[in-house]
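Using only what follows, build the 3D model:
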Amino acid sequence: STADLEASFMGKGYGVLKQEVADVVVAALEPVQARYNELIKDKSYLESVLKAGAGEAQKRAYKTLGKVYRKSGFVERPR
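The predicted structure is shown next:
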């Protein structure tokens, strides 16, 4: 509880509190960092994600560009 936390840090400086908070944050981020390290080593997976993302981005871009062409009165280019 909040009261327990206050009691445990009573009479201690901010340095102790900051170190405790830092330790908790580091511990909370350890699984995220571990997963990041796994993913960054798997180059083929990263490339597949980039290719899939690029394909999806291109589809959305063409759709948006088509709307712009229609609203501005331009003739849409064939793909």
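
Need the mean per-residue confidence for the lengthiest helix in the chain.
Using DSSP state H to define each element, the chain has its longest helix at helix 43-72. Helix 43-72 carries an average pLDDT of 92.

shift numbering so it begins at 355
Got it, first residue is 355 now, which makes that one helix 397-426.

Output the contacting helices and strands for that helix.
Helices and strands touching helix 397-426, as assessed by 3 or more C-beta pairs under 8 Å, 6 or more residues apart in numbering; DSSP states H and E, comprise helix 368-395. Placement of C-beta: from N, CA and C, glycine included.

hmm, back to that, the longest helix of the chain to helix 368-395, inter-axis angle?
Helix 397-426 runs at 90 degrees relative to helix 368-395, counting by axes from the mean of the first three to the mean of the last three C-alpha atoms, to 10 degrees.

from the middle of its chain, how far away would helix 397-426 be?
Offset of helix 397-426 from its chain centre (C-alpha atoms, centre = their mean, to the nearest Å): 19 Å.

Same question for stretch 382-401.
In terms of C-alpha atoms, centre = their mean, the centre of stretch 382-401 is set 12 Å apart from its chain centre.

where's Gly365, which helix or strand?
Per DSSP states H and E, Gly365 falls between elements, in no helix or strand.

quick one: it and Tyr416, what's the gap?
As for Gly365, its distance to Tyr416 is 65 Å (criterion: C-beta to C-beta, to the nearest Å).

neighbour count winner among these two?
A count of neighbours by other C-beta atoms under 10 Å puts Tyr416 above the other of Gly365 and Tyr416, at 13 against 6.

Tell me how far that one lies from Phe428.
In this view, Tyr416 and Phe428 are 14 Å apart by C-beta to C-beta.

before we move on, what about Lys405?
From Lys405 over to Phe428 (counting by C-beta to C-beta), the distance is 30 Å.

got it, and Lys366?
For Lys366, the distance to Phe428 - C-beta to C-beta - is 68 Å.
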